[in-house]
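Asker: what follows is a predicted protein model with its sequence.
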Amino acid sequence: MLQLIFWREVIVLFGALYSSYTDIKTGMIRDSVTYPMIFLGLFLLAAELYAGNFHYLFLLVPIVVFAAGYILYFLGKIGGGDVKMFTAIALLLPVYEGEIFLLNVLFVAAISSIVFLSVFYFSKYCRKGIRFRENSKDMAKALLLGAFVTIYFSIMVYMELISHIAFYFLLWPVLLGLLFLAFQTGIKRNFFLKRVPLSKLEEDEIVARDFLSKKALSALGSSFKGVLSKKEILRLKKAGISEVPVYRGLPPFAPFLLLGVAFSLLFPHFFSEVFFL
């Protein structure tokens, strides 16, 4: 049993490591990595069921992860490769040392990515020159969200649902995240926005909805959420759209996911010890 857990750890760690490399080099998490991990996870799940070691979390965690990931993918928030990698990790290590493994992984990955990317891109935006007018709506949203988050976590601490350590631990990442959110329009326009000819569009492109023309928005329809498929590209072609604003060169998430995997293998109880009394 211990040997099986060890190999699960090795597969997840090396899968995250190779995906980090490909994400940095090509901007993609390859199916050649995620699909074998998913199939192996399903095989091990069936083996656990056959051996009588099955626990409902072994199935529930991957299902919830895939469903949540697909919704975020449909809304254009994350890529398809990310969804497959999350699902693969949830299948291979749904529970580790009594903790839901992916919860720790995503927590560490999210915190580290927020801190790094907020500091990196906000400093670049400052050097380029901030346009406060184009970010006015985002600044108002960030202010409201900041007030809501502060009140929410204050109530959680007061009711002793989370520890004071968790509150202070999250304070700086949240502030940095709100800083990025407040200036996201300008940051995206300066560093990620590309206007791509229709003939060079690819599937799974993330469309910059805020920069679409009314004609393009009408062609895509009200049900369009942000990620292009062949159907949407065909609609744009029929409408006579020559180019589409998309976000390219978005920062890779896989390196932060690798950090989350490595950290969570070393400190599996970090999330529960920091957050819960």
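Answerer: Alright, I've got the coordinates.
Asker: count of neighbours near R127?
Answerer: For R127, the number of neighbouring residues by other C-beta atoms under 10 Å comes to 8. C-beta here means a position set from N, CA and C on the backbone, and glycine is covered the same way.
Asker: contact partners for it?
Answerer: Shown here is R127, which makes no contacts under the criterion C-beta atoms under 8 Å, 6 or more residues apart in numbering.
Asker: which residues in this protein form strands?
Answerer: In order along the chain, the chain carries the following strands (DSSP state E): 95-96, 99-100, 193-197, 206-207, 243-247.
Asker: now tell me what touches the fourth one from outside.
Answerer: Contacts with strand 206-207, where a contact means C-beta under 8 Å, 6+ apart, come from G76, G79, L220, F224, G226, V227, L228, V244, P245, V246, Y247, L250.
Asker: low-scoring stretches of this protein, by residue?
Answerer: Across the chain, the ranges flagged by pLDDT under 70 are 1-3, 276-277.
Asker: how is it carved up into domains?
Answerer: Following automatic domain parsing, the chain resolves into domains at 2-96, 193-247.
Asker: highest average neighbour count across those?
Answerer: domain 2-96 (a mean of 17; mean count of other C-beta atoms under 10 Å).
Asker: on that earlier part again, closest to F148 out of the domains of the chain?
Answerer: domain 2-96 (19.5 Å; C-beta to C-beta).
Asker: ok now the closest one, how far from the chain's centre?
Answerer: The gap between where domain 2-96 is centred and where its chain is centred comes out at 14 Å by C-alpha atoms, centre = their mean, to the nearest Å.
Asker: repeat that for stretch 114-123.
Answerer: Relative to the mean C-alpha coordinate of its chain, stretch 114-123 is positioned 16 Å out (C-alpha atoms, centre = their mean).
Asker: what residues sit buried inside that stretch?
Answerer: By neighbour count with 16 or more other C-beta atoms under 10 Å, stretch 114-123 contains the buried residues I114, L117, S118, Y121, F122.
Asker: okay, the nearest residue to the second one once chain neighbours are set aside and I29: tell me how far apart.
Answerer: Take L117 and drop its neighbours on the chain: the residue closest to it by C-beta to C-beta, 6 or more residues apart in numbering is P251, 5.6 Å away. Separation of P251 from I29 (C-beta to C-beta, to the nearest Å) stands at 14 Å.
Asker: of all the strands of the chain, which one is nearest A110?
Answerer: When the strands of the chain are compared (using C-beta to C-beta), the closest one is strand 99-100, at 14.9 Å.
Asker: mind listing what the closest one pairs with, with the direction of each?
Answerer: When pairs are called by DSSP bridges, strand 99-100 turns out to pair with strand 95-96 (antiparallel).
Asker: what sits up against the partner strand?
Answerer: For strand 95-96, the external contacting residues (C-beta under 8 Å, 6+ apart) are E9, H55, L57, F58, V61, F101, S264, L265, P268.
Asker: pick out the most distant pair among the residues you listed.
Answerer: The span of these, defined through C-beta to C-beta, is set by H55 and L265 at 19.9 Å.
Asker: just list the residues touching the residue nearest to P255 when sequence neighbours are not counted, thanks.
Answerer: Beyond its immediate neighbours in the sequence, the residue positioned closest to P255 (C-beta to C-beta, 6+ apart) is S20, lying 4.6 Å away. With C-beta under 8 Å, 6+ apart as the criterion, the residues that contact S20 are P252, A254, P255, L257, L258.
Asker: in contact with G260, which residues?
Answerer: Contact analysis of G260 by C-beta under 8 Å, 6+ apart lists N104, V105, L106, F107, V108, A109, S112.
Asker: let me know the closest of these to G41.
Answerer: Nearest member of these to G41, counting by C-beta to C-beta, is V105, at 14.7 Å.
Asker: so what's the residue count around that closest one?
Answerer: Using other C-beta under 10 Å, V105 has 28 other residues around it.
Asker: residues contacting the nearest residue to L75 once chain neighbours are set aside?
Answerer: The spatial neighbour of L75 that comes closest, neighbours along the chain excluded (C-beta to C-beta, 6+ apart), is K225 at 4.8 Å. Applying C-beta under 8 Å, 6+ apart, we find K225 in contact with F74, L75, G76.
Asker: can you give me the distance of K225 to Y73?
Answerer: Noted for K225: a distance of 9 Å to Y73, by C-beta to C-beta.
Asker: tell me where the stretch 101-250 of the chain has helices.
Answerer: For the stretch 101-250 of the chain, the helices identified by DSSP state H, counting those that start in this stretch occupy 101-128, 136-158, 164-182, 184-191, 214-220, 230-238, in order along the chain.
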